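Asker: for reference, the sequence and a predicted model appear below.
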Amino acid sequence: MRVSEAAKMENFDINKILGTEKSKTKSAGINPSRDEVDALLQVDRFTPSNVSFNFPNWNNMISKTDPIMSDEEFEKAIWEMAWQDAANGLSRMSNPQVAELRRAFVSVVSPDRKAAFAQTMSQTGGKMPINQIILDNNGNRLMHYSPNGFWLPRNTNEERSRLADFNRMYQEAYAAYEKEHGKVEQPQKGPVTVNRMPSNPFV
């Protein structure tokens with residue numbers, strides 16, 4: 001059985017795959033971590049298969065980008081967007097521009113999934129790797145192919161932390177508006193421009 005094929009099975013025995021069954025009794029019943037699975041799957045990272053697949057939609061798949069502003073400017077932009085959304089009666093996070101700003105904020109710490117995918121394609125001749133995952137050169141999983149026909153990222157700890165920071169700042173700003181002006185209940189008629197901002201919104 002190929003390593004990649006065995007790794008797709010639930011509750012598989014790593015010792016059996018590696019030929020070290022003598023330690024089976026010691027590790028019986030223990031499931032491997034995702035990092036251990038990725039290390040095994042890396043053996044076939046460039047082995048091509050004949051599986052048909054769709055290319056990633058990079059409009060939806062986050063990948064490394066250069067920062068478009070400093071973190072201080074990001075914080076101000078996040079605050080102003082949340083304050084403006086509340087002033088216009090928009091429910092939290094419903095403004096499509098929030099997703100755009102969040103993507104720009106998080107992608108600063110994202111791995112270069114585009115480059116990793118391009119490298120894999122160059123090694124497989126443009127075919128799906130047999131393990132159906134994309135790893136970086138250190139063996140870390142960056143994305144995998146869904147049975148539904150699209151690629152899904154495996155978010156890093158840095159991405160999750162930065163996403164949490166974005167959501168916290170937005171929610172705090174929206175709550176600050178409601179504290180000063182009352183709860184946002186219904187959309188207002190037409191856009192509203194808010195020129196006055198709290199003197200120190202980040203305190």
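Answerer: Happy to help now that I have it.
Asker: the longest strand belonging to the chain: partners in the sheet, and parallel or antiparallel?
Answerer: Identified as the longest strand of the chain according to DSSP state E is strand 141-145. If you go by DSSP bridges, strand 141-145 pairs up with strand 133-135 (antiparallel), strand 151-153 (antiparallel).
Asker: longest helix anywhere in the chain?
Answerer: helix 157-181 (DSSP state H).
Asker: for that one, which helices and strands make contact with it?
Answerer: Here helix 157-181 touches helix 71-87, helix 96-106, going by 3 or more CB pairs under 8 Å, 6 or more residues apart in numbering; DSSP states H and E. Backbone N, C-alpha and C define where each C-beta goes, glycine included.
Asker: mean neighbour count, those: which tops it?
Answerer: Comparing those by mean neighbour count (mean count of other CB atoms under 10 Å), helix 71-87 comes out on top with a mean of 18.
Asker: can you list the helices and strands that that helix packs against?
Answerer: Going by 3+ CB pairs under 8 Å, 6+ apart, helix 71-87 lies up against helix 96-106, helix 157-181.
Asker: now do that helix and helix 96-106, the angle between them.
Answerer: 160 degrees (axes from the mean of the first three to the mean of the last three CA atoms, to 10 degrees).
Asker: and the angle for helix 71-87 with helix 157-181?
Answerer: Using the same axes, to 10 degrees: helix 71-87 against helix 157-181 is 50 degrees.
Asker: alpha carbons of helix 71-87, in CSV - could you do that?
Answerer: Extracted C-alpha coordinates of helix 71-87, given in CSV (Å, rounded to 0.1, in the frame of the first residue of the first chain):
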residue,chain,number,x,y,z
ASP,A,71,-0.5,47.9,11.0
GLU,A,72,-1.4,51.3,12.6
GLU,A,73,-3.1,52.4,9.4
PHE,A,74,-4.9,49.0,9.2
GLU,A,75,-6.3,49.6,12.7
LYS,A,76,-7.5,53.0,11.8
ALA,A,77,-9.1,51.7,8.6
ILE,A,78,-10.8,48.8,10.4
TRP,A,79,-12.2,51.2,13.0
GLU,A,80,-13.4,53.7,10.5
MET,A,81,-15.1,51.0,8.4
ALA,A,82,-16.9,49.5,11.4
TRP,A,83,-18.0,53.0,12.6
GLN,A,84,-19.2,53.8,9.1
ASP,A,85,-21.1,50.5,8.8
ALA,A,86,-22.9,51.2,12.1
ALA,A,87,-23.7,54.8,11.0
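Asker: where does this protein dip in pLDDT?
Answerer: Scanning the chain for pLDDT under 70 picks out 1-43, 186-203.
Asker: buried stuff in the longest strand of the chain?
Answerer: Buried residues in strand 141-145, counted by 16 or more other CB atoms under 10 Å: Arg141, Leu142, Met143, His144, Tyr145.
Asker: one more: stretch 116-124?
Answerer: Ala116, Phe117, Gln119, Thr120, Met121, Thr124.
Asker: check what contacts it and list those residues.
Answerer: Defining contact as CB atoms under 8 Å, 6 or more residues apart in numbering, one finds that stretch 116-124 is touched by Arg45, Phe46, Thr47, Pro48, Pro56, Pro129, Ile134, Leu135, Asp136, Leu142, Met143.
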